[in-house]
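Student: Here is my input, please return the structure:
(chains A and B)
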Amino acid sequence: MINSATQGFWLADSAIDATAFREQLGDESCGACVIFEGRVRNHNEGRAVLRLAYEAHAPMALKEGAMILQEATQRFAISKAAAVHRQGELALTEAAVVVGVASAHRDAAFQACRYIIDEIKHRLPIWKKEYYADGTAEWVNCRQCAAPHAHGETPG
Amino acid sequence: MAIPVKVIEIKWFAAYREAAGVATETARTDAATAAELFVEMQRKHPALASFSAALLAINDEMADWNRTLQDGDEVLFFPPVAGG
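Tutor: Predicted coordinates for the structure are as follows:
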């Protein structure tokens, strides 16, 4: 189906304004608005996490993010979609990513929101570094990239 | 016949950037493909030696590792992504 969705994807260097984010999803034809926040959690794979840092390649991240939103509007009967991803340093409980979708009915909004966050995680050129309570740090999904000296326990 | 040397701009990201010790560098290389260039750079930066090649972009478009490099290309080496 073709629809004239309003959409936007951007990167934020500081805390995401949840109120402003929600306001852009206002639409008289929409009875549903689904917003997902991915937040910084204090643990991952059994390790205590203190904070995160995200590094993005902005030119391609912005293009890919806009593409994902466009795909969502083509696949699902939604009117508006928006998403924002943080970069730089983040503290626990902060929103790292926010995805919002507005549609006439709730099913399409839930499905589109799920599609967008899943694609963001798989495709966006953004990397996450976790800083742990034990003083180490690691790039997520990059175990084979870890420098051997990172944990001081890898044999020669 | 001499192989012409290409000038390639390289950008490293995240774990790769930390291992290479630089975010950007200029390579004068006769590498035919990005895969060859990556191996060449692993020799230059030993900390990259244990890394597997993940994703690649050339001139801000995702690209195949076997794509032929052109003089003046900007090659971006991406570790596995981890957004959200």
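
Student: what helices or strands is the longest helix along chain B leaning on?
Tutor: In chain B, taking DSSP state H as the definition, the longest helix is helix B:34-44. When contacts are defined as 3 or more Cβ pairs under 8 Å, 6 or more residues apart in numbering or on different chains; DSSP states H and E, helix B:34-44 packs onto strand B:6-12, strand B:24-29, strand B:74-78. C-betas here are computed from N, CA, C, even on glycine.

Student: list the contacts for A:Gly31?
Tutor: Contact analysis of A:Gly31 by Cβ atoms under 8 Å, 6 or more residues apart in numbering or on different chains lists A:Ser103, A:Ala104, A:His105, A:Arg106.

Student: My guess is the second one contacts A:Lys80. True?
Tutor: No: distance between A:Ala104 and A:Lys80: 11.1 Å, which falls outside the contact criterion (Cβ atoms under 8 Å).

Student: quick one, which of the helices and strands packed on helix B:34-44 is nearest to B:Asp64?
Tutor: strand B:74-78 (12.2 Å; Cβ to Cβ).

Student: any low-confidence regions in chain B?
Tutor: Scanning chain B with the threshold set as pLDDT under 70 gives B:1-3.

Student: Could you point out which residue ranges in chain A have low pLDDT?
Tutor: A:1-7, A:144-156.

Student: Run through the residues of it sitting next to chain B.
Tutor: Residues of chain A found near chain B (Cβ under 8 Å from any Cβ of the partner chain) are A:38, A:54-55, A:57, A:59-60, A:63, A:85, A:96-97, A:117, A:120-129, A:139-142, A:144-148.

Student: Could you rerun that using 6 Å?
Tutor: Residues of chain A lying close to chain B (Cβ under 6 Å from any Cβ of the partner chain) are A:38, A:55, A:59-60, A:97, A:120-121, A:124-128, A:139-142, A:144-145.

Student: between A:Ala104 and A:Lys80, who's got more neighbours?
Tutor: A:Lys80 (24 against 15; other Cβ atoms under 10 Å in any protein chain shown).

Student: Find the nearest non-adjacent residue to the more buried one, please.
Tutor: A:Ala102 (4.2 Å; Cβ to Cβ, 6 or more residues apart in numbering or on different chains).

Student: partner strands of the one helix or strand the one you found maps to, parallel or antiparallel?
Tutor: Element membership of A:Ala102 [criterion: DSSP states H and E] is strand A:95-103. In the sheet, strand A:95-103 lines up against strand A:32-39 (antiparallel), strand A:80-86 (antiparallel) (DSSP bridges).

Student: Quick check: what element follows it along the chain?
Tutor: Next along from strand A:95-103, by DSSP H and E: helix A:106-123.
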